[in-house]
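[1] Predicted structure and sequence below. I'll ask about it afterward.
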Amino acid sequence: MPADQPAPAVHRHRAAGDAEEVLAVLSAFRSALATPDLRRKILFTLMIIAIYRVGATIPSPGVSYPNVKRCLENVDDQGVVQLLNLFSGGALLQLSVFALGIMPYITASIIIQLLTVVIPRFEQLKKEGQSGQGKLTQFTRYLTIALAILQATGIVAMADRGQLFGNCQDPIIPNSNIFTLIVIVVTMTAGTAIIMWFGELITERGIGNGMSLLMFINIAARIPAEGAAILDKGGVTFAVVCVFALLIIASVVFVEQGQRRIPVQYAKRMIGRRMYGGTSTYLPLKVNQAGVIPVIFASSLLYLPDLISRLVGADGAGWQNFIANYIVKQDSWVHISVYFLLIIFFTYFYITITFNVNERADEMKKFGGFIPGIRPGRPTSEYLQFVLSRITLPGSLYLGIIAVLPNFFLEVTDSGQNQNFPFGGTAVLIMVGVGLDTVKQIESQLMQRNYEGFLK
């Protein structure tokens, strides 16, 4: 028999393995719907999402919805509201009740998380466990409302001045007296509070992380409109974009699942008459340890000059022309280079703040754990810092490349206009991350129910 004769059998075995994986995924979803408790959680989550999307289409009182529709048809450059409109699922440019989306909450959460390193009181609350975390959550809610008021005031001011939709001459707020403007700001702020409540309800009674899932839905709501705009350019262009989209999503899934597992050994300890410890585990360090936070940081900082120039309103200034032609214009090499470098900087910055190698080394030493071949204490923290710095470099480059990919597709998708490429950058990072996390939570709950008999 020739040496290469068994090859077809190997291919058949691989194909059978792939088919079994697909059937396992479908079986997991069927089991989730067949389990009464899990089915109630899924239906509750879908109900909250449906209510949320309905609220995203209801215009705020005092806003002329027909004028908004006409301005949306002629808009060609959103600049500062580009990222915010993406995270609100298109509700921001419609000035709806949920126009602000969950960005105020995301920003407040990031600020509180960073302040835990700066303010000793916050750091102490973080170490107190559930009670301290509850107080931090309360501070996050207060800061979210404050940021929502500030952001709603800025958006309403730009809409009243006619700066939100570029060259649109139709009045977005026909009766723009002080009372009407205050009512719109209060309505948008109340909408942000309701969104916070929806997210907490999903986290407590539904499936997955509520805030992340709402962000996922907002981004997914933009895909049909963006896909239709690309399809209008031609079938070949749409097919090429779909192929690139599949490659990008597959690459993101591959990297998001990648991690470096550092082995950790726990020494045996005699407590009373029993022996404890002696187990082996590992410390997982993800390639993308920072998640999507550096991209949000870089996007917000890069759009800040455009916001200042819009609010100042001194048309024709030299610095405004530079911002409009090089900073805001997404296919500019200045914009792409600065965006890429900011993402790399914020990746290192965020990981340094959130992952304290000295605390990890002290915790391992406290519970009798050590890395084989590395002494506990300072040598362990130095080793963790060495490994983390080597992993952070490819992780930051990966985030930067994925984030700037939409900038290279602007000429293909929308003839050079400011447009969100639907399968790149922040959108695909959030969608893939939230999707993987939600599926893992469903699988963990299924395993918990399937193995109940062994735990009794």
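    In hand now; what should we look at?

[2] As a check, name the ranges of all strands in the stretch 301-450 of the chain.
    Along the stretch 301-450 of the chain, counting by DSSP state E, counting those that start in this stretch, strands occupy 369-370.

[3] where does it have low pLDDT?
    310-320, 324-326, 328-331, 407-425, 449-450 (pLDDT under 70).

[4] Helices along that one, start to end?
    Taking DSSP state H, counting those that start in this stretch to define them, one finds helices in the stretch 301-450 of the chain at 318-322, 333-354, 357-366, 378-408, 410-414, 425-450.

[5] out of those, which comes closest to Gln113?
    Closest approach to Gln113 among the helices of the stretch 301-450 of the chain is made by helix 333-354 (7.0 Å; CB to CB). Just so you know, the C-beta spots here come from the backbone N, C-alpha and C atoms, and that holds for glycine as well.

[6] Name the residues of the closest one that are buried.
    Within helix 333-354, the residues that qualify as buried are 335-336, 338-340, 342-344, 346-348, 350-352, counting by 16 or more other CB atoms under 10 Å.

[7] Could you single out the nearest of the residues you listed to Trp197?
    For these, the nearest to Trp197 is Tyr350 (27.8 Å; CB to CB).

[8] measure that closest one to Val295 for me?
    Distance, Tyr350 to Val295, using CB to CB, to the nearest Å: 11 Å.

[9] how's this protein carved up into domains?
    For the chain, automatic domain parsing gives the domain ranges 1-34, 38-231, 233-456.

[10] which of the ones you listed sits most buried?
    domain 38-231 (a mean of 18; mean count of other CB atoms under 10 Å).

[11] Between the two ends of that domain, what distance do you get?
    Counting by CA to CA, to the nearest Å, you get 38 Å between the two ends of domain 38-231.

[12] residue boundaries of the strands in the stretch 51-200 of the chain?
    Going by DSSP E, counting those that start in this stretch, the stretch 51-200 of the chain shows no strands.

[13] Low-confidence regions, it specifically.
    Applying pLDDT under 70 to the stretch 51-200 of the chain flags the ranges 73-90, 163, 165-168.

[14] which stretches of it form helices?
    Going by DSSP H, counting those that start in this stretch, the stretch 51-200 of the chain shows helices at 65-74, 82-87, 103-118, 120-127, 130-161, 178-205.

[15] can you redo those helices as TSV with distance to Ile49?
    Output for the helices of the stretch 51-200 of the chain, formatted as TSV (distance: least, CB to CB, whole Å):
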stretch	distance to Ile49
helix 65-74	23
helix 82-87	15
helix 103-118	16
helix 120-127	31
helix 130-161	20
helix 178-205	8
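
[16] Any chance of TSV for the buried residues of helix 333-354, columns distance to Arg70?
    TSV is the format used below for these (distance: CB to CB, whole Å):
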residue	distance to Arg70
His335	29
Ile336	33
Val338	34
Tyr339	32
Phe340	37
Leu342	36
Ile343	36
Ile344	42
Phe346	38
Thr347	42
Tyr348	46
Tyr350	41
Ile351	46
Thr352	48
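
[17] List just the nearest of the residues you listed to Gly206.
    Tyr350 (28.1 Å).

[18] Return the distance of stretch 385-395 from the chain's centre.
    22 Å (CA atoms, centre = their mean, to the nearest Å).

[19] A helix includes Thr281, no?
    No: under DSSP: H, G, I helix; E, B strand; the rest coil, Thr281 sits outside any helix and is assigned strand.

[20] bridging residues for it?
    Counting by DSSP bridges, Thr281 forms beta bridges with Val264.

[21] show me the contacts for it.
    Contact partners of Thr281, counting by CB atoms under 8 Å, 6 or more residues apart in numbering, are 263-264, 266.

[22] try 10 Å
    Shown in contact with Thr281 (CB atoms under 10 Å, 6 or more residues apart in numbering): 261-266, 369.

[23] what does Asn358 give?
    So Asn358 contacts 377-378, 380-382, 384-385 (CB under 10 Å, 6+ apart).

[24] Just send those residues back as a markdown table, with distance to Ile155 too.
    A markdown table is the format used below for the contacts of Asn358 (distance: CB to CB, whole Å):
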| residue | distance to Ile155 |
| --- | --- |
| Gly377 | 52 |
| Arg378 | 50 |
| Thr380 | 49 |
| Ser381 | 45 |
| Glu382 | 48 |
| Leu384 | 43 |
| Gln385 | 42 |
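
[25] circling back: of all the contacts of Thr281, which two lie farthest apart?
    Arg261 and Tyr266 (15.6 Å).

[26] Thr203 is in contact with Met211, isn't it?
    Yes: with contact defined as CB atoms under 10 Å, Thr203 counts as touching Met211 (7.7 Å).

[27] shouldn't Leu302 be in contact with Phe346?
    No: using CB under 10 Å, Leu302 is not in contact with Phe346; the gap is 11.1 Å.

[28] Looking at the helices of the stretch 51-200 of the chain, spot the one closest to Ile48.
    Using CB to CB, the nearest of the helices of the stretch 51-200 of the chain to Ile48 is helix 178-205, at 5.2 Å.

[29] just checking, what packs against that closest one?
    helix 36-55, helix 103-118, helix 130-161, helix 210-231 (3 or more CB pairs under 10 Å, 6 or more residues apart in numbering; DSSP states H and E).

[30] try 7 Å this time
    helix 36-55, helix 130-161, helix 210-231 (3 or more CB pairs under 7 Å, 6 or more residues apart in numbering; DSSP states H and E).

[31] quick check: angle from it to helix 103-118?
    70 degrees (axes from the mean of the first three to the mean of the last three CA atoms, to 10 degrees).

[32] And the pLDDT at Phe44?
    Note for Phe44: predicted pLDDT of 91.

[33] Relative to Glu204, how far out is it?
    Plainly put, Phe44 is 10 Å away from Glu204 if you go by CB to CB.

[34] Next: Ser176.
    Taken as CB to CB, the span from Ser176 to Glu204 is 40 Å.

[35] how far away is the closest residue to Pro376 other than its chain neighbours from Gly377?
    With CB to CB, 6 or more residues apart in numbering as the criterion, Pro376 has its nearest non-adjacent residue at 4.3 Å, and that residue is Lys365. Separation of Lys365 from Gly377 (CB to CB): 6 Å.

[36] With Gly258 instead?
    29 Å.

[37] repeat for Leu181
    Taking CB to CB, one finds Leu181 at 59 Å from Gly377.

[38] Also Gly395?
    27 Å.

[39] again, but for Met447
    For Met447, the distance to Gly377 - CB to CB - is 37 Å.

[40] what sits against Thr352?
    Thr352 sits next to no residue when contact means CB atoms under 7 Å, 6 or more residues apart in numbering.

[41] 684 is where my numbering starts, stick with that
    That works, and once the first residue is 684, the last one we named lands at Thr1035.

[42] Surely Gly941 is in contact with Val970?
    Yes: checked against CB atoms under 7 Å, the pair Gly941 and Val970 is within contact range at 4.3 Å.
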